[in-house]
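Asker: with the input below, show me the fold.
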Amino acid sequence: MLIKLGIIAGIVILTGMIFSTEIDTLFPTTSASVFDSLQDDVSNLGFKTTDSIEKRLDNSLDNIVDKTSSSISDEISEVGEQIVDEINNVKSSSQKIVSEDISNFDPLKSIKNIFVDNSK
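Answerer: This next block holds a predicted model:
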């Protein structure tokens, strides 16, 4: 069994030595050392993570701004409608009071009341 494992290991090592230039040609980004490969992977992961976080933050901020501006806009519209309603109510009540006072106004009666003795 040990002889079979030795033969297989020898074949793998010999193949790696023969085709090492082809392996570098096929996989140029693969580095010779594990440390360089891990360093590249970690930096790529850092860039991807940073980019993803920036995109999510941008989307979140855009959503917050949209919701806030929509809410403020709705509140301003409601307050404006309430002001218009109040103005219309005051206007109609003022018109009603003025029209009633004018229709009940009797200048002759007012003059008669001046000369009539109200002490009775």
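
Asker: quick one: low-confidence parts of the chain?
Answerer: Along the chain, segments meeting pLDDT under 70 span 20-35, 117-120.

Asker: where do the helices sit along it?
Answerer: Using DSSP state H, the helices of the chain run over residues 2-18, 20-26, 34-103, 107-115.

Asker: tell me how far the last one lies from the chain's centre.
Answerer: Using Cα atoms, centre = their mean, to the nearest Å, the mean C-alpha position of helix 107-115 is found 72 Å from that of the whole chain.

Asker: circling back: export the helices of the chain to JSON lines and tack on mean neighbour count?
Answerer: Every residue, glycine included, has its C-beta placed from N, CA and C. Formatted as JSON lines, the helices of the chain follow (neighbours: other Cβ atoms under 10 Å):
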{"stretch": "helix 2-18", "mean neighbour count": "9"}
{"stretch": "helix 20-26", "mean neighbour count": "10"}
{"stretch": "helix 34-103", "mean neighbour count": "10"}
{"stretch": "helix 107-115", "mean neighbour count": "8"}
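
Asker: and the spatially most central residue of the chain, how close does it get to residue 70?
Answerer: The residue lying closest to the centre of the chain (Cα atoms, centre = their mean) is residue 63, at 1.3 Å. In this view, residue 63 and residue 70 are 11 Å apart by Cβ to Cβ, to the nearest Å.

Asker: equivalent analysis for residue 91, please.
Answerer: 31 Å.
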